[in-house]
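Trainee: after the sequence you'll find the predicted model.
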Amino acid sequence: MTELPVMMPASPEIFLACAAMAMMMVGVFVKAENAYRVVSTLAIVALVFAGGLVLHVGGGRQEALFGFFVVDDFAVFMKVLILIGSVVALIMSEGYVQREKMDRFEFPILVTFATLGMLMMVSANDLLSLYIGLELQSLSLYVVASFQRDSIRSTESGLKYFVLGALSSGLLLYGCSLIYGFSGTTQFDTLALALTGDDTSKGLIVGIVFLIAALAFKVSAVPFHMWTPDVYEGAPTPVTAFFAVAPKIAAMALFLRTMLGPFGDLVADWGQIIWLVSVASMLLGAFAAIAQSNIKRLMAYSSIGHIGYALMGLAAGNEEGLKGVLIYLAIYLIMNVGVFACILSMKVQNRMVENITDLAGLGKSNPAMAVLLMVLMFSMAGIPPMAGFFGKFFVFMAALNAELYALAIIGAVSSVVGAFYYLRIIKIMYFDEPVEAFDKVETMGLRGVMIVSGLLTAVLFIYLPGITDPATAAAASLFGG
Amino acid sequence: MVVQALAFYLFAAVTVACGVMVITARNPVHAVLFLILAFFNAAGLFVLQGAEFLAMILVIVYVGAVAVLFLFVVMMLDVNFAELRAGFAKYLPIGAVISLILLVELVLLGAGWAFNSETAVIASSPTPPAADVHNTEALGMLLYTKYVYLFQGAGMILLVAMVGAIVLTHRVRAGVKRQRIGDQVARSSKDEVKVVKVQTGSGI
């Protein structure tokens, strides 16, 4: 008799998979007009419960399912961020989805599947499980991107995302096969043992380069960012809000685990690639956003820039850098959720508006939302004492301590340039002639998300250890083993 | 042994002959049918080698799905094959170059395997020993135990693909008439059948 494999550490994933399938049944058998609301509520409950399971399983290194799956403090930290991102995205999408006639019950189910894929990515301990998780996530995302199938823009963005995503999956698999061919294993632990840094074969380096290219595509870092503005602009706004947080964090987690785990000793080889990607992302994020008039496109370039800053910590390649990235991602999640809640509320007489100029006069017509957006924009620009400043502070410190002075200086310069377009939004809100006022914020959920995110961004400096302590533990867990 | 050798030559000869027929047959439907026959014979060759799992997969996947798909495409699309063949002579050189490259690659692969010093070691330690279990069983054991996580993960991906395809293409159409067996059975003859006395010679 063969024994059952160890499955407990994977219980959140197993639960989510079963819950998603059960929700499909519920969606079919509940009355059609209620299906979306019921399934959406169930999905939120399931994701929250999965979060509970993640915390229950807890940190400490645990392997499961024959070493394909691993849980540690790093995984717990990232999974909690991802689950928060998904739950908030579902809560925020409620009003929009019902208004724009995309309230089919498959939407929350596909988000759940995507989240499941992300959790699998974060816990991957093998190149194969990495690929399976990534593909499950991406496939669900392609579908939700084109969920508004009667809109040409939505369909176009889904198709673009699909074609380019398939290309990047091809790069990833090619890289994996080279790594396997030159090292003889796909298991991360064995890879880490085998690759000690001295006398690395050229083929393996080529494989790692392919892997980095594919992962850079998934986090939308320059020069693999082309899809981001189009997909962000074309996809339905709640889907864009989802894209901007959860998948980014999951892909970044995958990036960190793969680079610092199995290839940790080769940092001298891949560090320079990350350096270049980071610099290019920061500069492009700062300069290309200046010319944008659509706020969703602006957020796309802004997210490219933010990924550049986060990669700065990875370029440092040490525990301090990793801690910086984790803090950065947590704060990025908080800010972005708030900004997208505001974008989802940009609605004039029941029709969505997306231009930055539509914000003119918000300071008079809706002072509360204007203050909120102002706090978030200050934070995005990295102005103290907002949360965004501390995110940047920790990665810059890590880069300086790792003696990456040029990187830190370019980062600081591009951050100043980036501040221009964030501040321009504030200027438009307060000093431009008012245009039509926005409708009232439609759902309680949206309002709640806005307020919580704005408050957290503004007052995080009072209790920073709330984020830095778990991040420190998580960073230590990836380097301790 | 003689029977085995005979079977091998039979299968091999038919496979090669079918391969030639696939590219020379004038009628595309015949070409696809020859392709199917070639698949069956290749499956027979696999069985002779003791690779019964590959033989089954070949029949199920290639004959059952791929070849039938070809057949559908050939029969449903009105492709003018005479026109397709017009440039045959023109493209012959580039085709020959590609085939030559493929041939060289095959020879290199074979030579690499034959002259590698580790080949003997690798070939002598199959996992698990071939004498104990059939290869179907061996594959199944690996797939459902060691790789169960990936197997289930791949299953989830296929499920998402199915959900996605339905979400993006399925539309509820108005006015579709569906058969409702319950309603049909529940109908009473009183409502539906009318007995009419018809006078002879007058019509209704």
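Mentor: Ah, there it is.
Trainee: give me the below-cutoff pLDDT ranges for chain A.
Mentor: Where chain A drops to pLDDT under 70, the residues are A:1-2, A:197, A:481.
Trainee: could you chop chain B up by domain?
Mentor: B:1-79, B:83-126, B:134-169 (automatic domain parsing).
Trainee: what residues does chain B put near chain A?
Mentor: Residues of chain B lying close to chain A (CB under 8 Å from any CB of the partner chain) are B:141, B:145-150, B:152-154, B:156-157, B:159-161, B:163-164, B:166-168. To be clear about C-beta, it is placed using only N, CA and C from the backbone, and glycine gets the same treatment.
Trainee: could you tell me the least trusted of the domains of chain B?
Mentor: Lowest mean pLDDT within the domains of chain B: domain B:83-126, a mean of 82.
Trainee: quick one: that one to chain centroid distance?
Mentor: How far domain B:83-126 lies from its chain's middle: 24 Å, per CA atoms, centre = their mean, to the nearest Å.
Trainee: do stretch B:15-22 as well
Mentor: How far stretch B:15-22 lies from its chain's middle: 18 Å, per CA atoms, centre = their mean.
Trainee: try stretch B:152-171
Mentor: How far stretch B:152-171 lies from its chain's middle: 21 Å, per CA atoms, centre = their mean.
Trainee: just the CA atoms of that stretch, as PDB, please.
Mentor: C-alpha atoms of stretch B:152-171 as PDB (Å, rounded to 0.1, in the frame of the first residue of the first chain):
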ATOM      1  CA  GLN B 152      -4.600  17.800 -10.100                       C
ATOM      2  CA  GLY B 153      -3.300  21.200 -10.900                       C
ATOM      3  CA  ALA B 154      -3.400  20.400 -14.600                       C
ATOM      4  CA  GLY B 155      -7.000  19.200 -14.100                       C
ATOM      5  CA  MET B 156      -7.900  22.600 -12.600                       C
ATOM      6  CA  ILE B 157      -6.300  24.400 -15.600                       C
ATOM      7  CA  LEU B 158      -8.400  22.300 -18.000                       C
ATOM      8  CA  LEU B 159     -11.500  23.100 -15.900                       C
ATOM      9  CA  VAL B 160     -10.700  26.800 -16.100                       C
ATOM     10  CA  ALA B 161     -10.200  26.500 -19.900                       C
ATOM     11  CA  MET B 162     -13.700  24.900 -20.100                       C
ATOM     12  CA  VAL B 163     -15.400  27.500 -18.000                       C
ATOM     13  CA  GLY B 164     -13.600  30.300 -19.900                       C
ATOM     14  CA  ALA B 165     -14.700  28.900 -23.300                       C
ATOM     15  CA  ILE B 166     -18.300  28.700 -22.100                       C
ATOM     16  CA  VAL B 167     -18.300  32.100 -20.500                       C
ATOM     17  CA  LEU B 168     -16.900  33.800 -23.500                       C
ATOM     18  CA  THR B 169     -19.000  32.200 -26.200                       C
ATOM     19  CA  HIS B 170     -22.200  30.900 -24.800                       C
ATOM     20  CA  ARG B 171     -25.200  33.000 -25.400                       C
END
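Trainee: longest helix anywhere in chain A?
Mentor: helix A:152-183 (DSSP state H).
Trainee: so who does the residue most central in space within chain B touch?
Mentor: Note on chain B: the residue nearest the mean C-alpha position is B:Tyr62, at 2.3 Å, using CA atoms, centre = their mean. The neighbours of B:Tyr62, taking CB atoms under 8 Å, 6 or more residues apart in numbering or on different chains as the test, are B:Phe39.
Trainee: do I have it right that A:Met335 meets A:Met380?
Mentor: Yes: using CB atoms under 8 Å, A:Met335 makes contact with A:Met380 at a distance of 5.9 Å.
Trainee: all helices of chain B, in order?
Mentor: Under DSSP H, chain B gives helices at B:2-24, B:28-48, B:52-57, B:68-76, B:81-84, B:88-115, B:119-124, B:135-141, B:148-169, B:181-186, B:189-192.
Trainee: let's have these in TSV, adding distance to A:Thr357.
Mentor: Formatted as TSV, those follow (distance: least, CB to CB, whole Å):
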stretch	distance to A:Thr357
helix B:2-24	64
helix B:28-48	60
helix B:52-57	60
helix B:68-76	52
helix B:81-84	56
helix B:88-115	56
helix B:119-124	68
helix B:135-141	62
helix B:148-169	34
helix B:181-186	59
helix B:189-192	67
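Trainee: out of those helices, which is the most enclosed?
Mentor: Greatest average neighbour count among the helices of chain B goes to helix B:28-48 (a mean of 19), per mean count of other CB atoms under 10 Å in any protein chain shown.
Trainee: so which elements touch that helix?
Mentor: Applying 3 or more CB pairs under 8 Å, 6 or more residues apart in numbering or on different chains; DSSP states H and E, we find helix B:28-48 packed against helix B:2-24, helix B:52-57, helix B:68-76.
Trainee: what helices or strands is the longest one leaning on?
Mentor: With contacts defined as 3+ CB pairs under 8 Å, 6+ apart, the secondary structure elements packing on helix B:2-24 are helix B:28-48.
Trainee: ok, residues contacting the helix it packs on?
Mentor: B:4, B:7-8, B:11-12, B:14-15, B:18-19, B:21-23, B:25, B:52, B:54-56, B:58-59, B:62-63, B:67, B:70-71, B:74-75, B:79, B:81.
Trainee: now it against helix B:68-76, angle please.
Mentor: Computed with axes from the mean of the first three to the mean of the last three CA atoms, to 10 degrees, the direction of helix B:28-48 lies at 170 degrees from that of helix B:68-76.
Trainee: what angle sits between helix B:28-48 and helix B:2-24?
Mentor: 150 degrees.
Trainee: interface residues of chain A facing chain B?
Mentor: So chain A meets chain B at A:2, A:5, A:10, A:17, A:21, A:24, A:65-66, A:68-69, A:104, A:106, A:109-110, A:113, A:116-117, A:120, A:128-129, A:132-133, A:135-136, A:139-140, A:142-143, A:146-147, A:149 (CB under 8 Å from any CB).
Trainee: which of those fall in strands?
Mentor: A:Phe69 (DSSP state E).
Trainee: could I have the buried ones of the residues of chain A next to chain B as ChimeraX selection syntax?
Mentor: Buried members of the residues of chain A next to chain B can be picked out in ChimeraX with the line below, counting by 16 or more other CB atoms under 10 Å in any protein chain shown:
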select /A:5,10,17,24,65,66,68,69,104,106,109,110,113,116,117,120,128,129,132,133,135,136,139,140,142,143,146,147,149
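Trainee: which ones among the residues of chain A next to chain B map onto helices?
Mentor: Counting by DSSP H, the part of the residues of chain A next to chain B found in helices is A:17, A:21, A:24, A:106, A:109-110, A:113, A:116-117, A:120, A:128-129, A:132-133, A:135-136, A:139-140, A:142-143.
Trainee: who's in contact with A:Pro247?
Mentor: Applying CB under 8 Å, 6+ apart, the residues contacting A:Pro247 are A:114, A:118, A:137, A:141, A:218.
Trainee: do you know how far it is from A:Phe182?
Mentor: Look at A:Pro247 and A:Phe182: by CB to CB, to the nearest Å, they are 30 Å apart.
Trainee: A:Leu256 now?
Mentor: Plainly put, A:Leu256 is 23 Å away from A:Phe182 if you go by CB to CB.
Trainee: these two: which has the busier surroundings?
Mentor: It is A:Leu256, of A:Leu256 and A:Phe182, that has more neighbours when counted by other CB atoms under 10 Å in any protein chain shown, with 26 against 18.
Trainee: mind listing what's buried in the helix or strand encompassing that one?
Mentor: Secondary structure from DSSP states H and E places A:Leu256 in helix A:237-260. Of all the residues in helix A:237-260, those buried under the rule 16+ other CB under 10 Å are A:237-260.
Trainee: what's the neighbour count on A:Ala20?
Mentor: 25.
Trainee: same deal with B:Lys177?
Mentor: Neighbours of B:Lys177 (other CB under 10 Å): 5.
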